[in-house]
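In: Predicted structure and sequence below. I'll ask about it afterward.
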Amino acid sequence: MITPSGDSLSKEEHLQHVASGEIDYVVWDPEEIDARVRDDVACLRYRSTIKIIVGGQEFRPDRYWHTDFYEKRGEGWQVVWSQATRIVT
């Protein structure tokens, strides 16, 4: 995962931060999701509103673009890359 601040986190790191409370998604509200699917790969693009607390610092709600890349593995889909970019207005 590439965060809006440019940090790169593995799936394990991100889940550990969420489980420990280091990252707290107070609001995560996705809008309409556009998907492109070809064979065993898919790319999703959407906007969301997120309010988050990181390391005890609360950030105001903001809007973000997300791009997520998936691969079909066995019977399910696995996210491989994910990036969020803050929408500047």
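Out: Right, received. Where do you want to start?
In: What residues does residue 25 make contact with?
Out: Shown in contact with residue 25 (Cβ atoms under 8 Å, 6 or more residues apart in numbering): 18, 50, 51, 52. C-beta: built from backbone N, CA, C; applies to glycine.
In: Against which helices or strands is the host helix or strand of the second one packed?
Out: Applying DSSP states H and E as the criterion places residue 50 in strand 41-54. Contacting strand 41-54 under the criterion 3 or more Cβ pairs under 8 Å, 6 or more residues apart in numbering; DSSP states H and E are the following elements: strand 23-30, strand 34-38, strand 62-73, strand 76-86.
In: which one of those strands is the most hemmed in?
Out: Compared across the helices and strands packed on strand 41-54, strand 62-73 shows the largest average neighbour count, a mean of 15 (mean count of other Cβ atoms under 10 Å).
In: Strand partners (parallel or antiparallel) of that one?
Out: Paired neighbours of strand 62-73 in the sheet (DSSP bridges): strand 41-54 (antiparallel), strand 76-86 (antiparallel).
In: among those strands, which gets the worst mean confidence?
Out: Least confident of these, judged by mean pLDDT, is strand 76-86 with a mean of 93.
In: quick revisit: can you point out the buried residues in the strand holding residue 50?
Out: 42, 44, 48, 50, 52 (16 or more other Cβ atoms under 10 Å).
In: got the contact list for whichever helix or strand comes after that strand?
Out: Later in the chain than strand 41-54, the nearest helix or strand by DSSP H and E is strand 57-58. The set of residues external to strand 57-58 that reach it, using Cβ under 8 Å, 6+ apart, is 26, 51, 52.
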